[in-house]
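S.K.: I would like to see how this sequence folds:
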Amino acid sequence: MFSSLSLEKEKRVLEFVNKSTQICKTLFAGKFKHLDVDNYKYTTDVAVEELGLDDELVNQLVEDHVIQIIKSEAMFLEYLDILKKQKDEDVKLDYTDFRELAHKNLGVARNLRIEDAQKLIHELMTKDDLDYLGECLEALRACTIKLKPKLAYETMQLIKIKSIL
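M.R.: Below you'll find the model as predicted:
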């Protein structure tokens, strides 16, 4: 019984990764072509060398980054909804909370030398087009999933469970 559950989970994780990979390919070949990360694949090599940390520690930090981005996604979306309401009400848009959250996530991506995340988060910090920001969030989520697919999947499942309770 447990092996069939494990196989089903692995199948769902693989589908999860394939979907994320396709989202990245589509967005980075089109809307985000200017970011020049369409063939980017993260490795810990640069972070290990430049930071002087061992690979195991860098991988743990990458795992923390994945969890942080996935947990931050709900806040990003909430702030984006607030901005959309402000726009609909013809009120001056206040990007402060949205950009502060982006800034918190940018430091980790920079330290770990995760290029696609750095560029996407920079876009979150500097652009004002709300539809574009939503697409940046979609791309960031997909890129994050590709870093540690199983962990991303498990984190998202835990968030779903917690939201039900």
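
S.K.: and the closest residue to Lys146 other than its chain neighbours, what pLDDT?
M.R.: In space, Lys146 comes closest to Ser20 once its chain neighbours are excluded; the distance is 5.4 Å by C-beta to C-beta, 6 or more residues apart in numbering. C-beta: built from backbone N, CA, C; applies to glycine. We have a pLDDT of 86 for Ser20.

S.K.: so Ser20 touches Ile145, yeah?
M.R.: Yes: Ser20 is within contact range of Ile145, at 4.1 Å (criterion: C-beta atoms under 8 Å).

S.K.: who has more neighbours, these two?
M.R.: Each of Ser20 and Ile145 has its neighbours counted (other C-beta atoms under 10 Å); Ile145 has more, 26 against 21.

S.K.: ok, now which ones touch the more buried one?
M.R.: 16-17, 20, 66, 152-153 (C-beta atoms under 8 Å, 6 or more residues apart in numbering).

S.K.: what strand or helix carries it?
M.R.: Of the helices and strands defined by DSSP states H and E, Ile145 is found in helix 130-147.

S.K.: now swap in Gln22 and tell me
M.R.: helix 2-29.

S.K.: can you list the buried residues in that helix?
M.R.: 13, 16-17, 20, 23-24, 27-28 (16 or more other C-beta atoms under 10 Å).

S.K.: from Glu78, how far off is Lys85?
M.R.: Going from Lys85 to Glu78 by C-beta to C-beta, to the nearest Å gives 11 Å.

S.K.: quick check: longest helix of the chain.
M.R.: Counting residues, the longest helix in the chain under DSSP state H turns out to be helix 55-88.

S.K.: show me what it is packed against.
M.R.: helix 45-51, helix 96-111, helix 115-126, helix 130-147, helix 149-164 (3 or more C-beta pairs under 8 Å, 6 or more residues apart in numbering; DSSP states H and E).

S.K.: measure how that helix sits relative to helix 149-164, angle-wise.
M.R.: Inter-element angle recorded for helix 55-88 and helix 149-164: 50 degrees (by axes from the mean of the first three to the mean of the last three C-alpha atoms, to 10 degrees).

S.K.: now do helix 55-88 and helix 96-111, the angle between them.
M.R.: If you take the same axes, to 10 degrees, helix 55-88 sits at 160 degrees to helix 96-111.

S.K.: correct me if wrong: Leu147 contacts Val62.
M.R.: Yes: with contact defined as C-beta under 8 Å, Leu147 reaches Val62; the gap is 5.9 Å.

S.K.: shared neighbours, these two?
M.R.: What both Leu147 and Val62 touch, as defined by C-beta under 8 Å, 6+ apart, is the set 42, 114.
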